[in-house]
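*Asks:* Attaching a predicted model along with its sequence, questions to come.
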Amino acid sequence: MNENNLNWIINFIWGIADDVLRDVYVRGKYRDVILPMTVIRRLDAVLEPTKEAVLRMKAQLDRAGVANQHAALCQAADEAFYNMSKFTLRDLKARARQQQLKADFEAYLDGFSPNVQEILNKFKFRNQIPTLIEADILGSLIEKFLDDSINLSPKPILDSQGNVKVPALDNHAMGTIFEELIRRFSEENNEEAGEHFTPRDVVKLMADLIFLPIAGKIESGTYLVYDGACGTGGMLSVAEERLAELAREHGKEVSIHIYGQEINPETFAIAKADLLLKGEGAEAENIKYGSTLSSDAFPSHEFDFMLSNPPYGKSWKTDLDRMGGKNNLRDQRFIIQHAGEAEFSLITRSNDGQLLFLVNKLSKMKHNSLLGSRIVEVHNGSSLFTGDAGQGESNIRRWILENDWLEAIIALPLNMFYNTGIATYIWVLSNRKPEHRRGKVQLIDAMNYSRDLRKNLGKKNCELTQDDIQRITELFLNLAETTDSKILDNDDFGYWKITVERPLRLTTQLTPERLAHFSETADPRLVDLAKRLHALIRGETRRDWNVVKQLLEGEAKKDFFPLKRGDLKTVREAFTERDELAAPVIERQMRRATGYEADPELRDTENVPLKESIEEYFACEVLPHVPDAWINHEKTMKGYEILFTKYFYKYQPLRSLEEITTDILALEKETEGLLHRIVANVEVAK
């Protein structure tokens, strides 16, 4: 079906909402009726040719007393679903009385098979029936969806001579209609349309990136494909088609099973309906409802290929709370063993859980198969660099890179998605890297690989052409250094975060005012010691706390008063202040060196590239500026970040002085006449 026909159908269905639902529903609620009715009409159209066969089989099974009738009725319908009521939508079209229509329509819905019932329940469509009946618009709604000018059937409408009057609507086209309707309704509600589906041009690129590198290694057999944020299922469908196509090209026979999980009830319903309509009833059972993060539907499964566009910049706090909170989360997907740590945390900030979807996939990789597992996932820029060393996001990047799973990251053009214009990136991962990729990561800048759309779709104003997709995949497959392709070592993204300490320096002042205040609040024994200390130093300012401390301890010994650490802290807080000219405070005196107390206010950190020596870096970059600094090695942590723009930065030279001067003179010339006219007008006004 061509694009014009698709647009006609979409606009027709969109128009039904305004024609029938206006004045009954606010615009934001149109979707509650239109989306399920679109699915119902599609199901109805598919089942029309076998309706009588299903009714005969139903009667036969009832007479025989057969309890489990599902398989036989599916066989009679020649589909993975059926409707055993005596009605079709065309039968209901003629109902004049609303109450009779209500009863018959409900009986019609109740006649669908259990797998369709789940779809209807997720749409919560039965909740709309009282409103539609009360407003007397259910009949009009059904009649509009049965209009002969549109065809939601997979078979064409023929004229009396047998010629195609209205073309058939295949499953791919039906999926496109669903997606566009959702996008438009989401726009109306100011919702995030991109949470539900990914543009097909991006999906095609993802499918090529995941399958083309191993196309020649595909063997006849069974392959499992998974999407943990499957939306309407479009990504799974395209992946299934592409894998089957490549298998045929290489003379292989493959059985492909798709699995998905979706948390949005409407899009889950559409994904499941789409598979049922394709005759893939078993696959429809592999689409599960619920949260992938807190309620993984496939905890023991491993998959050959996994791809997703998970929600980014979206809070997963509700999931986190369900899983016990950050301190009590024990999910083995997110708390792992790595780098000698028994509980290496991959838990990200609660306001963005996108990287956890990638972690979930990595936990489902096949490690004992020839091809292992391949993963392709879309992320925004924050996944590249958010999170400091030791934090969840950095730990995820570290885990991936130190296991050598990351093959490439591709920067997509801006405004590629329906709901956001920000930078987005495709991550490509595998646990079976070819030899020439081992230890390497390829970065591809494809931000200029697109063409403009004639009309924006939400925020999407450009698309990847087939040539663009081919250029990107060729860059990826060739693994060559070009202007748009950089090859780096895994270690290039790693760094040591070192903590740089400087000594605390304190000046002591035992002024009468401070003594008076201290006398009101402190232990009397400490007050007495402070007064004696004041007499010893005669109230002078001392720039060496170490000497003052010795004097204080000496006075305490005379009274057999053992000063505790807390007592010293109390006195120090009352009579000292930081002073960069004072002597450093000694924390401990060792045989070969003196250990100074660190000043928290002067504490700083430095990121040292993994490929550089920490000591050499410190000697060259830190000590020349702060000679009294040292490294607190106990706090040294390893982190990873992928600063994409660092490797593709293009220097833009400043304009020459001559160019700037020419522009200024031209502006002066343009404004000179205007200034004279303004002055002249002022004079006339006077």
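*Replies:* Thanks, I have it.
*Asks:* Which SSE is immediately downstream of the helix or strand harbouring Asp91?
*Replies:* Assigned by DSSP states H and E, Asp91 falls within helix 89-93. Sequence-wise, the next helix or strand downstream of helix 89-93 (DSSP H and E) is helix 98-110.
*Asks:* quick one: contacts of that following helix?
*Replies:* For helix 98-110, contacts defined as C-beta atoms under 8 Å, 6 or more residues apart in numbering pick out 40, 83, 85-89, 91-92, 95, 120, 125-126, 129, 133, 136, 138-139, 142. Where you see a C-beta, it was placed from the backbone N, CA and C, and this is true even at glycine.
*Asks:* Going by neighbour count, list what's buried in the helix holding Asp91.
*Replies:* Leu89, Leu92 (16 or more other C-beta atoms under 10 Å).
*Asks:* Residues touching it, excluding its own?
*Replies:* 40-41, 44, 48, 101, 104-105, 108, 139, 142-143, 145-146.
*Asks:* Check stretch 43-50 too.
*Replies:* 54, 76-79, 81-83, 88-90, 112, 116, 151-155, 273, 276-277.
*Asks:* Mind giving me the PyMOL select for the contacts of helix 89-93, buried ones only?
*Replies:* Remark: buried members of these, expressed as a PyMOL selection using 16+ other C-beta under 10 Å:
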select buried, resi 40+41+44+101+104+105+108+139+142+143+145+146
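*Asks:* What is the nearest of the contacts of helix 89-93 to Leu552?
*Replies:* Among the contacts of helix 89-93, Ile40 lies closest to Leu552 (C-beta to C-beta), at 86.4 Å.
*Asks:* so what's that closest one scoring on pLDDT?
*Replies:* Ile40 is assigned 94 on the pLDDT scale.
*Asks:* Could you look up the next helix or strand downstream of the strand or helix carrying it?
*Replies:* Using DSSP H and E, Ile40 sits in helix 31-47. Next helix or strand after helix 31-47 toward the C-terminus (DSSP H and E): helix 51-64.
*Asks:* CA atoms of that next one as CSV?
*Replies:* C-alpha atoms of helix 51-64 as CSV (Å, rounded to 0.1, in the frame of the first residue of the first chain):
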residue,chain,number,x,y,z
LYS,A,51,-17.3,-16.5,10.7
GLU,A,52,-19.8,-19.2,9.6
ALA,A,53,-17.2,-22.0,10.0
VAL,A,54,-16.4,-20.8,13.6
LEU,A,55,-20.1,-20.8,14.5
ARG,A,56,-20.6,-24.3,13.1
MET,A,57,-17.6,-25.6,14.9
LYS,A,58,-18.8,-23.9,18.2
ALA,A,59,-22.2,-25.6,17.8
GLN,A,60,-20.6,-29.0,17.1
LEU,A,61,-18.2,-28.7,20.1
ASP,A,62,-21.1,-27.7,22.4
ARG,A,63,-23.2,-30.7,21.3
ALA,A,64,-20.2,-33.0,21.9
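*Asks:* Run the angle between it and helix 31-47 for me.
*Replies:* Orientation check (axes from the mean of the first three to the mean of the last three C-alpha atoms, to 10 degrees): helix 51-64 against helix 31-47 gives 80 degrees.
*Asks:* orientation of the helix or strand just after helix 51-64 relative to helix 51-64 in degrees?
*Replies:* Scanning forward in sequence from helix 51-64 by DSSP H and E, the next helix or strand is helix 70-77. If you take the same axes, to 10 degrees, helix 70-77 sits at 150 degrees to helix 51-64.
*Asks:* So Lys288, which state does it fall into?
*Replies:* strand (DSSP: H, G, I helix; E, B strand; the rest coil).
*Asks:* Name the residues linked to it by a beta bridge.
*Replies:* Beta bridges link Lys288 to Gln261, judged by DSSP bridges.
*Asks:* who touches it in this structure?
*Replies:* Contacts of Lys288 (C-beta under 8 Å, 6+ apart): Tyr259, Gly260, Gln261, Glu262, Ala297, Phe298.
*Asks:* which among the contacts of stretch 43-50 end up buried?
*Replies:* 54, 76-77, 79, 81-83, 88-89, 112, 116, 151-154, 273, 276-277.
*Asks:* Just give me the closest of the contacts of helix 89-93 to Asp201.
*Replies:* Arg41 (28.2 Å).
*Asks:* how far away is the closest one from Asp468?
*Replies:* 36 Å (C-beta to C-beta, to the nearest Å).
*Asks:* can you pull the pLDDT of Gly234?
*Replies:* pLDDT at Gly234 comes out at 85.
*Asks:* for Trp8, same thing?
*Replies:* 87.
*Asks:* Can you report phi and psi for it?
*Replies:* phi -60, psi -50 (degrees, to the nearest 10).
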